[in-house]
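Chemist: Just need the structure, nothing else, for what follows:
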Amino acid sequence: MMETLKKEGKTATLYRAKEPGKPLIILNNYDGDGSSVLEEAEKLGGQDFNLLCVGDLDWNHDMTPWYCPPLSPRDTACTGGADEYLQLLLEEILPECLKRVDGAPPHIGIAGYSLAGLFALYALYRTDVFARAASMSGSLWYPDFREYAFSHEMKRKPDRLYLSLGDKEARTRNQYLKTVQENTELIAGHYREAGIDVTFEMNPGNHFRDAELRSAKGILAIV
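Modeler: Model prediction:
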C-alpha cells in the first residue's frame, strides 16, 4: 500500500511491507516516487520491506556535505545542505513514516544513487539512526570526502554496507570524477578494516546505466 506525505517541499512516498515488523529502507531519489525501483526489487525476488522514497529534493544542496564548485561550465555548484536536510529527515519525515508502518522495523537503512549515495554514507557520521547503508554509483569522488571518511568516526558501526559502481564511471578527464573508482575501493577497504560487513560490486556501464536496477540490488543487499 502506498501513502504520500509532504514536508517543507519534499515529497515522501511510503510503500508499506506486506507483513508487519519488516525493515524500513529510506531512498533519497533524484526523480520519481521510487515505484520503478520497487518494481525492479520485486523482479529480483527480494525480501519484504518498507520503502520510504523521498523526492523533490534540492539535489545539489540537500545531498552534499559541503561546498563543491561546478564540475564544468554547464554544471552548477554543490552547496552543502546535507546536515540541514538530514535534520528534516530525522525530525519530521521519519517520525511520520514510523507512525504509518505496521510494527516496529527491526532496523532502518538508508540508500541512494549518485549524490544520494554520498549522502547515505555521510549520514552514518552524523546520526546513529541507520543500521545499514547502500551507496549505488555513489559520488565518492566528492572533494575531501575520502579524507573525511578516514578521519572521522561513524555514530554507530553499521552491521552491513553495500557499495557499487559502473565499470566505466572513472573513464573521464574530469579531475574529480576520474577518482571515483579509486576512492570507492579505498573507502570500502577502510570500512572492512574496521570490521564492517561490506559488499562492493562493479556493474557494467557508465554512471547512468541501469540506475533503477542498481538501486534495487543495493536496497535488497541491506534489507
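
Chemist: contacts and neighbour counts: CA atoms only from here.
Modeler: Noted.

Chemist: which SS class is the residue lying closest to residue 170 once chain neighbours are set aside?
Modeler: The shortest distance from residue 170 to any non-neighbouring residue, by CA to CA, 6 or more residues apart in numbering, is to residue 178 (4.4 Å). Under DSSP: H, G, I helix; E, B strand; the rest coil, residue 178 falls in the helix class.

Chemist: neighbours of residue 120, just the number please.
Modeler: Look at residue 120: counted by other CA atoms under 10 Å, it has 27 neighbours.

Chemist: my bad, residue 49
Modeler: If we define neighbours as other CA under 10 Å, then residue 49 has 21 of them.

Chemist: My guess is it contacts residue 26. True?
Modeler: No - counting by CA atoms under 8 Å, residue 49 does not reach residue 26; the two are 10.7 Å apart.

Chemist: Can you classify the residue of the chain positioned farthest from its centre as helix, strand or coil?
Modeler: The C-alpha centroid of the chain is most remote from residue 73, which lies 26.9 Å away (CA atoms, centre = their mean). With three-state DSSP as the basis, residue 73 sits in coil.

Chemist: measure it to residue 172 for me?
Modeler: Distance of residue 73 to residue 172, given as CA to CA, to the nearest Å: 16 Å.

Chemist: Repeat that for residue 200.
Modeler: Taking CA to CA, one finds residue 200 at 21 Å from residue 172.
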